[in-house]
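Engineer: Mind folding the following:
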Amino acid sequence: MPEREALWLVELAKQCGLYQATMSGILPIPWTEIRAWQKATGYTDYWLAETIRGLSKDYVNEFNEAKDPARVSPLLEVTSKEDHRAKVSNQLKKFKENNK
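Structural biologist: Model prediction:
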C-alpha cells in the first residue's frame, strides 16, 4: 500500500483511469488520455502525468502477473524459504489434525 500521504495521488490516478481496455486485454493509460484528463481537471504538472502513467503501468503489470495462481501475493511479508516451509508444515499438521 502507498504511504498515507500519497493516497491522493492514487485517487487522481483512479480519476484519470488506471488502464485502457482493449480487445486483447488491458494496457497502461495512454499519454493522450492523461493529457486530456489534465486539461479537463487543471492538474497540469508534468511530474503528475509521469506519476499517473507509472501507476498505470504498475497496475497493468500486477494485473497480468496476478493471473499466475502460483504467484506470491505482493502484500505478503518477504520471508526466508525455511520460515515459509515451517509455516506450511505447521498448516499441514493442523489440517491433518482437524480432518482425522
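Engineer: what comes up buried for stretch 35-43?
Structural biologist: Buried residues in stretch 35-43, counted by 16 or more other CB atoms under 10 Å: Trp37, Gln38. In this view, the C-beta of every residue, glycine as well, is placed from N, C-alpha and C.
Engineer: which outside residues touch it?
Structural biologist: For stretch 35-43, contacts defined as CB atoms under 8 Å, 6 or more residues apart in numbering pick out Leu12, Gln15, Cys16, Gly17, Thr44, Leu48, Ala49.
Engineer: Considering the residues you listed, which possesses the most neighbours?
Structural biologist: Cys16 (22 neighbours; other CB atoms under 10 Å).
Engineer: which residue packs closest to it, ignoring adjacent ones?
Structural biologist: Trp37 (4.3 Å; CB to CB, 6 or more residues apart in numbering).
Engineer: follow-up on the earlier one: which ones among the contacts of stretch 35-43 lie within helices?
Structural biologist: With DSSP state H as the criterion, helices contain Leu12, Gln15, Cys16, Leu48, Ala49 from among those.
Engineer: Quick check: pLDDT value at the second one.
Structural biologist: Per-residue confidence for Gln15 comes out at a pLDDT of 94.
Engineer: tell me the contacts of it?
Structural biologist: Trp37, Thr41.
Engineer: Cross-check the contact I'm expecting between Leu27 and Glu33.
Structural biologist: No. Using CB atoms under 8 Å, Leu27 is not in contact with Glu33; the gap is 10.5 Å.
Engineer: ok, back up a step: closest to Leu76 out of the ones in helices among the contacts of stretch 35-43?
Structural biologist: Leu12 (27.8 Å; CB to CB).
Engineer: those strands in the chain, which residues are they?
Structural biologist: Secondary structure of the chain by DSSP state E: the strands cover 20-22, 25-27.
Engineer: Now tabulate those in TSV and tack on distance to Phe95, mean pLDDT and mean neighbour count.
Structural biologist: Listed next are those as TSV, based on distance: least, CB to CB, whole Å; pLDDT from 0 to 100; neighbours: other CB atoms under 10 Å:
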stretch	distance to Phe95	mean pLDDT	mean neighbour count
strand 20-22	40	95	11
strand 25-27	36	96	13
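Engineer: Appreciated, that's everything.
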